[in-house]
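A.B. asks: Can you look at this prediction? I've put the sequence above it.
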Amino acid sequence: MKLRLELFVTDVQASIEFYRRVLNFQEIGQASADYTMLTNGEAAISVNKREALGHDHPLRATDGERLGLGVEIVLNVADIEGFYETTRTRGHPVSELVLQPWGLRDFRIIDPDGYYIRVTSRHRA
């Protein structure tokens, strides 16, 4: 089984730019102003216009409601230190790199629509 996330966003192009420039994802196929799939290794994230959701769709956020509330997107990388240093230089705020009590090192970042992302890796002593 593989997992693919579909995020409903305000500005598809801004999301494409964020995932490409900041988190090193690549577009699959032709980018569109309505829908684009991006991948990085086995991670796949599709960005879709918020307006694609019907008015009665259970995922549709109301005006002012934060998108992705209650969801943490976790990206597991092999070289957390290298990925962290590269991500920090790309002009988007990131948290500090932290060793968690459960043995993982991670940092946090929020995408342009407020989706919360944790980038993590097993700590090597």
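C.D. replies: That came through, no problem. Residues are numbered from 1 along each chain as shown.

A.B. asks: start to end distance for stretch 91-103?
C.D. replies: 28 Å (C-alpha to C-alpha, to the nearest Å).

A.B. asks: Low-confidence ranges, this structure, go.
C.D. replies: Counting by pLDDT under 70, the chain has low-confidence residues at 63-64, 123-125.

A.B. asks: let's see it at 80
C.D. replies: Across the chain, the stretches falling below the confidence threshold (pLDDT under 80) are 53-69, 123-125.

A.B. asks: From one end of stretch 74-86 to the other, what's the distance?
C.D. replies: Using C-alpha to C-alpha, the span of stretch 74-86 from its first residue to its last is 18 Å.

A.B. asks: Ok, stretch 94-102 next?
C.D. replies: Using C-alpha to C-alpha, the gap from the first to the last residue of stretch 94-102 comes to 21 Å.

A.B. asks: contact partners of that stretch?
C.D. replies: Contacts of stretch 94-102 with the rest of the structure, by C-beta atoms under 8 Å, 6 or more residues apart in numbering, involve Ile80, Glu81, Tyr84, Thr87, Arg88, Arg105, Asp106, Phe107, Arg108, Ile109, His123. The C-beta positions use only the backbone N, C-alpha and C, and glycine is treated the same way.

A.B. asks: Produce a ChimeraX select command limited to the buried residues of those.
C.D. replies: Here the buried members of those are turned into a ChimeraX selection, burial being counted by 16 or more other C-beta atoms under 10 Å:
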select :80,84,87,88,105,106,107,108,109
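
A.B. asks: mind giving me TSV with the contacts of stretch 94-102 and columns for distance to Lys49?
C.D. replies: Written out in TSV, the entries for those read as follows (distance: C-beta to C-beta, whole Å):
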residue	distance to Lys49
Ile80	33
Glu81	36
Tyr84	31
Thr87	26
Arg88	30
Arg105	35
Asp106	30
Phe107	29
Arg108	26
Ile109	22
His123	39
